[in-house]
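Asks: missing the sequence, but the structure's below:
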């Protein structure tokens, strides 16, 4: 695929850095000596959890909110982090927001969405059910439904992570990147592959929610009736077709990880870096734990994309 075939423009990725609240930009990135020793290769950690919503999602939602028409109500669906970020960005710009989330969504994330100013409607057993209902209600109200992974703004925001990663003083050989609806992976990968085509981009999903990886591997859309993973932030049952198109030519490989490895990765981040990481934010390290030999001798980056856990989850997993 030629560069001009991609819907995310490199120029636009540079431009949106001026729109995004600086609180979400230039997140820490460094080599963890102790995790590198444990893995047997150099690990660059980029921490997207040290901001008001504890996740990378604010980069994209800043672009959405900046583009909203005055007084326009936006609708979206979220497993938690996107909704918090939308609430943060919309409230600061006086944009009314309704978020649809599953009745089984993380209670801490639901509470935070409301605290940050969103109207939250709980519907359906999982994220995809909530998203379908949110789309129906937005259409009925004649309102704009903002879709993470589908709408280009979500990729424009995450592309700024790629721009920052390329400023790392050492050449990065591979990057393990969480794959949910695709905005996170595709925004970053578009930048990395444009400026450093030899860098290996590895998408990571949980074994219990493999729809995007399976669809990418087979070249056809594969949806599931249900998912079974603690990684709720990347728990996608029904892939977004355009996100699969975005992945073409940007992703070198995809790995599925076990739940036990995700928990081990969360514990290691807590122990070695002193940070709380949610399951979706730890899958990149989980993939490295399961595939140490494959990355030997490399400098590998992983992006810690979220850190929203309930107190009970912290007790159970950390």
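Replies: Sure thing, it's come through. Predicted model only: the values in this text are computed from it and were never measured.
Asks: only C-alpha atoms for contact and neighbour calcs from this point on.
Replies: OK.
Asks: can you give me the helices in the stretch 151-300 of the chain?
Replies: For the stretch 151-300 of the chain, the helices defined by DSSP state H, counting those that start in this stretch cover 152-165, 183-195, 211-218, 241-247, 259-273, 279-290.
Asks: would a markdown table of those helices with mean neighbour count and mean pLDDT be doable?
Replies: Listed next are the helices of the stretch 151-300 of the chain as a markdown table, based on neighbours: other C-alpha atoms under 10 Å; pLDDT from 0 to 100:
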| stretch | mean neighbour count | mean pLDDT |
| --- | --- | --- |
| helix 152-165 | 26 | 97 |
| helix 183-195 | 25 | 97 |
| helix 211-218 | 20 | 97 |
| helix 241-247 | 19 | 95 |
| helix 259-273 | 19 | 98 |
| helix 279-290 | 27 | 98 |
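Asks: out of those helices, nearest to residue 25?
Replies: Proximity to residue 25, assessed across the helices of the stretch 151-300 of the chain by C-alpha to C-alpha, is greatest for helix 152-165 (7.8 Å).
Asks: As CSV, the helices of the stretch 151-300 of the chain with distance to residue 24 would be great.
Replies: As requested, the helices of the stretch 151-300 of the chain are arranged in CSV below (distance: least, C-alpha to C-alpha, whole Å):
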stretch, distance to residue 24
helix 152-165, 10
helix 183-195, 14
helix 211-218, 27
helix 241-247, 23
helix 259-273, 20
helix 279-290, 16
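Asks: and residue 91, how many neighbours?
Replies: 16 (other C-alpha atoms under 10 Å).
Asks: wait, it sits on residue 115?
Replies: No. Look at residue 91 against residue 115 with C-alpha atoms under 8 Å: they stay out of range, at 10.4 Å.
Asks: what's the overlap in contacts for the two?
Replies: Jointly contacting residue 91 and residue 115 under the rule C-alpha atoms under 8 Å, 6 or more residues apart in numbering is no residue at all.
Asks: where does this protein have low pLDDT?
Replies: Scanning the chain with the threshold set as pLDDT under 70 gives 1-4.
Asks: ok, which stretches of the stretch 1-150 of the chain are strands?
Replies: 29-31, 42-47, 74-77, 97-101, 119-122, 144-146 (DSSP state E, counting those that start in this stretch).
Asks: looking at those strands, which is closest to residue 201?
Replies: Nearest to residue 201, of all those, is strand 42-47, at 14.1 Å by C-alpha to C-alpha.
Asks: Would you mind listing the buried residues in the closest one?
Replies: For strand 42-47, the neighbour count (16 or more other C-alpha atoms under 10 Å) marks 42, 43, 44, 45, 46, 47 as buried.
Asks: Parallel or antiparallel, list what pairs with it.
Replies: strand 29-31 (antiparallel), strand 299-304 (parallel) (DSSP bridges).
Asks: Can you name every helix or strand that the next helix or strand after the last one contacts?
Replies: Counting by DSSP states H and E, the element after strand 299-304 in chain order, helix or strand, is helix 311-317. Packed against helix 311-317 by the contact rule (3 or more C-alpha pairs under 8 Å, 6 or more residues apart in numbering; DSSP states H and E) you find helix 259-273.
Asks: Counting by contacts, list what the helix it packs on packs against.
Replies: Packing partners of helix 259-273 (3+ C-alpha pairs under 8 Å, 6+ apart): helix 33-39, helix 279-290, helix 311-317.
Asks: sorry, back to before: which of the helices of the stretch 151-300 of the chain sits closest to residue 173?
Replies: helix 183-195 (10.7 Å).
Asks: Give me the packing partners of the closest one, helices and strands only.
Replies: Looks like helix 183-195 contacts helix 152-165, strand 174-178, helix 241-247 (3+ C-alpha pairs under 8 Å, 6+ apart).
Asks: which parts of the second one are buried?
Replies: Put plainly, it is strand 174-178. Buried, per 16+ other C-alpha under 10 Å, within strand 174-178: 174, 175, 176, 177, 178.
Asks: Which residue lies nearest the spatial centre of the chain?
Replies: Residue closest to the mean C-alpha point of the chain, counted by C-alpha atoms, centre = their mean, is residue 184 at 4.2 Å.
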